[in-house]
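Undergrad: quick check, what structure comes out for this input:
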Amino acid sequence: MNFYRFFVANWQILLFAILLTLFSGFGQTFLLSLYIPSFIETLKISHTYYSTIYSSATLLSGISIIFAGKQIDKLPLKTFTFATIIGITTANIVAGFSFNPISLFIAIYLLRFFGQGMLSHTAMTAMGRFFNKARGKALSVAYLGFPIAEGLFPIIFVFLIAAVGWRYSFFISAISILIILLPITHVLLKKFSKKKVVEDFIEEKEPQEIQSKTSNNKAILWSTKKLLTDKRIYILAPTTFIVGFLLTALFFFQTFVAEYKGWSIEWMAVNITAYAISSFSFSILAGPLTDRFTAKRLYPIILLPMVAGLLMLTFINAPIGATLFWSFVGISAGLNPTISNAIYAEEYGTQSLGTVRSLFTFVMVGSTAAGPIVYSLLLDKGLTFTQIHYLAILIICANILTLLLLRKKKVSIN
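TA: All right, here's what the predicted structure looks like:
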């Protein structure tokens, strides 16, 4: 079954997931970074002060997700989704009414919690739970909302902020969520049933293997406390942390990196399109690859393209370096969500998938909180972007080597 037939057969739940990942863009760094000049100018705060607000609000949202995210295991999907949509709507309204650092902190916390966190958490948990043999395909289709948002939202909001101002742009965002996302998800979920899911048997042997790996854990109910005593968490988590940490930091400091390399800010921004295209393309490839080889086998390669991208950024000063850098980083960004979310279901089953994902979402959100702060501290210590990225490359390579060695010794993910 190709992607077209797969989508047609499961269009309700897949479109639901795409919409949620698309609208999660309202809480993502690539969009919120566009508001930084407006926040700093209007509220009379420094860039460092804003970075502290942003990172601390993001970290708090990650902690909150540990407790709120697992409720998807207990509540009906429709109820959980509607609560999240009302939350992201409220977040945009609060952001539009931000008049001091405290209200800005609350706004960013809500945007990050409901946008970056809960909307994407809901979409990916639903895909991991409703699909088994075609889980990789389902996750890769759901992921498509992310690069679509990355490609469209910055263009739309640059003009929107210029036209109506940053406050009204938040109000327009809230209205658009209420009149677009809320009614469409209501219609999509109204008559959806897990019994309607149609999956593809690529080869008889492989789906049975994946089925057995998942079913071994189906009887286990995972609590957060129990997960923290499981060694697999500490094997899988570093990759999740590194991806979130570096992507957020690179987006956050993209204008400063461009200046450091001697590239125009416009050129750097244009080349984010290369990131979106690369991410989009490899997210599609990740699904069939995951269903074919399993997430367990593919997990160690997620960070390899990111190493290549950082090497391009480090050693190429010509403008083409920006294109190559964003393209390779986009490959890791495209592979990561599908493979990572699939491995959670493969290793821990689907019965407590919301609890499992909420813990990994905390790791991811925590990493995005740490990215800007750590980069700022290292830059304040006198390190250059080149030196920071040398260090990042070494850490990534160490993580990849660890995963490969542990898998070879059969003590990592069994």
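Undergrad: and the contacts of stretch 221-230?
TA: In this structure, residues lying in contact with stretch 221-230 by C-beta atoms under 8 Å, 6 or more residues apart in numbering are 66, 70, 233, 348-349, 351-352, 355-356, 358-359. (C-beta placed from N, C-alpha, C; glycine too.)
Undergrad: closest to F23 among these?
TA: Set against F23, the nearest of the contacts of stretch 221-230 by C-beta to C-beta is S358 (19.4 Å).
Undergrad: that closest one: which element?
TA: For S358, the host element (DSSP states H and E) is helix 353-380.
Undergrad: cool, and F192?
TA: With DSSP H and E as criterion, F192 is part of no helix or strand.
Undergrad: tell me the spacing between the closest residue to it other than its chain neighbours and F67.
TA: Of all residues not flanking F192 in the chain, Q12 sits nearest, at 5.0 Å (C-beta to C-beta, 6 or more residues apart in numbering). Applying C-beta to C-beta, to the nearest Å, the value for Q12 to F67 is 30 Å.
Undergrad: more crowded one of these two?
TA: The neighbour count for Q12 versus F67, taken as other C-beta atoms under 10 Å, is higher for Q12 (17 against 11).
Undergrad: before we move on, back to that, report the buried members of the contacts of stretch 221-230.
TA: 66, 70, 233, 348-349, 351-352, 355-356, 358-359 (16 or more other C-beta atoms under 10 Å).
Undergrad: would you format those as a markdown table with pLDDT and distance to I395 included?
TA: Formatted as a markdown table, those follow (pLDDT from 0 to 100; distance: C-beta to C-beta, whole Å):
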| residue | pLDDT | distance to I395 |
| --- | --- | --- |
| I66 | 86 | 25 |
| K70 | 86 | 30 |
| I233 | 88 | 19 |
| Y348 | 86 | 26 |
| G349 | 81 | 31 |
| Q351 | 78 | 34 |
| S352 | 80 | 31 |
| T355 | 84 | 28 |
| V356 | 86 | 25 |
| S358 | 85 | 25 |
| L359 | 87 | 22 |
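Undergrad: spatially, which two of the residues you listed are the most separated?
TA: With distances taken as C-beta to C-beta, the most widely separated pair in these is I66 and G349, at 19.1 Å.
Undergrad: helices or strands up against the strand or helix carrying S176?
TA: Following DSSP H and E, one finds S176 within helix 166-176. Applying 3 or more C-beta pairs under 8 Å, 6 or more residues apart in numbering; DSSP states H and E, we find helix 166-176 packed against helix 36-43, helix 77-96, helix 145-164.
Undergrad: which stretches in the stretch 201-350 of the chain count as helices?
TA: Counting by DSSP state H, counting those that start in this stretch, the stretch 201-350 of the chain has helices at residues 205-215, 224-227, 231-252, 254-261, 265-270, 272-293, 295-298, 304-315, 320-348.
Undergrad: what comes into contact with the fifth one?
TA: Contact partners of helix 265-270, identified using C-beta under 8 Å, 6+ apart, comprise 154, 254-255, 257-259, 319, 322.
Undergrad: drop anything exposed from those.
TA: By neighbour count, with 16+ other C-beta under 10 Å, the contacts of helix 265-270 hold 154, 254, 257-258, 322 as buried.
Undergrad: need the max-distance pair from those.
TA: P154 and V257 (16.6 Å).
Undergrad: what's the spacing between the residue lying closest to A276 once chain neighbours are set aside and F171?
TA: Excluding its sequence neighbours, the residue lying closest to A276 (C-beta to C-beta, 6+ apart) is G151, at 4.1 Å. Distance from G151 to F171, counting by C-beta to C-beta: 24 Å.
Undergrad: also K381?
TA: Taken as C-beta to C-beta, the span from K381 to F171 is 41 Å.
Undergrad: who has more neighbours, those two?
TA: Remark: of K381 and F171, F171 carries more neighbours, 16 against 9, as counted by other C-beta under 10 Å.
Undergrad: distance of the more buried one from L285?
TA: Per C-beta to C-beta, F171 is found 39 Å from L285.
Undergrad: I'd say I396 and L303 touch.
TA: Yes. Using C-beta atoms under 8 Å, I396 is in contact with L303, at 5.0 Å.
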